[in-house]
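A.B. asks: next comes the sequence, and after it the predicted model I'd like to discuss.
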Amino acid sequence: MHHVFAWFSRATSKSTNIFGFLATIALLLGLSACSVAPVSESAAVAGLPQNQLPIRFLLTFDDGPVATKENSPTQSILDDLADNPLQPGIKAIFFLQTRASDAGGSALGREFMQREYSAGHVLGLHSATAGHDNHRYLSPEVFTHSLDDGIADIRAVTGSAPSLVRPPFWSYDQRTLAGYRQHGLHMLLTDLSANDGKVWGVNFSLRRRSSMLHQLAEVREQIALGALPAVDGSIPVVVTFHDINRYTARHMREYLQILADSARELNMPTAAKPFYDDPAALERAAIARSVGDASQKVHLPGLWNWIWN
Ligand SMILES: [Zn+2]
């Protein structure tokens, strides 16, 4: 299995037969897994106290920025985070591809990273090679170089080194984790995912409301088991989108509403401000949720647990 995905992760986003095949499987499994089953409530959830700590949504965006002058989905998302009916001034973490030519690796891309930073968002590292490379398959030299490069790229924008990394394809091991640690980077995974990545060739979510609700119900179980830490009086819930996805950008405001509605439907209290709006608090929460040990059991979005294990 792993060698297939070694190839897979090196492949570009061009469609191939296997790509389409995998996308179909992902779509079918994704739909069957999260669209029909009603949300169940375990004994642990039933026993949650009424005065349970509120949750707070920690929004993250992968793969950008989209360096296009016209109709950039990244810009559209920045506009909606700043101004929307639910909570103005939301701050998010953007996990960047700092050297991809269609992302951060151009003058325009750097300008977009500057816009994100100037708007008060947190910049994290996703990749700093020319492509969306799996860090585990890079040679030790190239991997180390790419971390140095990515940190320098972000420092050039913000004036300081990033503290957060999200591994492409959610793929990591003890070696890459050690590399992150040596570079002062904390690895953040996710609780909820819009399943809007380009990876499977699936770039839209037919049943996004039901999918988010079911993923949040899983989070409720984790909270009931005491598995999620509280930070500054609330429990951060990490949500992942892809700002390179135009569908996501067009539906950003709706996604915010879906998150708020899902929490209400599941009787999960949210913080007075349900989304982070301060970069320092956002970064603190993200670091508290970071994973530092490859043996730690994690829940990856979609089929990724199945792929990597
Ligand atoms: Zn990615």
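C.D. replies: Here it is on my side, so go on. Residues are numbered from 1 along each chain as shown.

A.B. asks: show me the strands in the stretch 101-250 of the chain, by range?
C.D. replies: 122-127, 164-165, 186-187, 192-193, 235-242 (DSSP state E, counting those that start in this stretch).

A.B. asks: adding distance to the ion and mean neighbour count, write those strands out as TSV.
C.D. replies: C-beta here means a position set from N, CA and C on the backbone, and glycine is covered the same way. Conversion of the strands of the stretch 101-250 of the chain to TSV gives the following (distance: least, C-beta to the ion, whole Å; neighbours: other C-beta atoms under 10 Å):
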stretch	distance to the ion	mean neighbour count
strand 122-127	6	25
strand 164-165	12	26
strand 186-187	13	20
strand 192-193	11	24
strand 235-242	7	25
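
A.B. asks: Ala107 is nearest to which of those?
C.D. replies: strand 122-127 (17.0 Å; C-beta to C-beta).

A.B. asks: which other helices and strands contact the closest one?
C.D. replies: Here strand 122-127 touches strand 93-97, helix 107-118, helix 140-158, strand 164-165, helix 279-288, going by 3 or more C-beta pairs under 8 Å, 6 or more residues apart in numbering; DSSP states H and E.

A.B. asks: could I get the average pLDDT for that strand?
C.D. replies: Across strand 122-127, pLDDT averages out at 98.

A.B. asks: burial measure for the nearest residue to Ser76 once chain neighbours are set aside, as a count.
C.D. replies: Of all residues not flanking Ser76 in the chain, Ala249 sits nearest, at 4.3 Å (C-beta to C-beta, 6 or more residues apart in numbering). Ala249: 24 surrounding residues under other C-beta atoms under 10 Å.

A.B. asks: distance of Ala249 relative to the ion?
C.D. replies: For Ala249, the distance to the ion (C-beta to the ion, to the nearest Å) stands at 16 Å.

A.B. asks: might one say that that residue is in contact with His242?
C.D. replies: No. Taking C-beta atoms under 8 Å as the definition, Ala249 is not a contact partner of His242, at 9.4 Å.

A.B. asks: where does the stretch 101-250 of the chain come near the ion, residue by residue?
C.D. replies: Pro168 (C-beta under 5 Å from the ion).

A.B. asks: state the pLDDT value of the residue in the stretch 101-250 of the chain positioned nearest to the ion.
C.D. replies: For the stretch 101-250 of the chain, the residue closest to the ion is Pro168, as judged by C-beta to the ion, at 4.8 Å. The score at Pro168 is 96. That number is its pLDDT.

A.B. asks: what of Pro38?
C.D. replies: 67.

A.B. asks: all helices of the stretch 1-150 of the chain, in order?
C.D. replies: 2-10, 17-34, 43-46, 73-82, 107-118, 140-158 (DSSP state H, counting those that start in this stretch).
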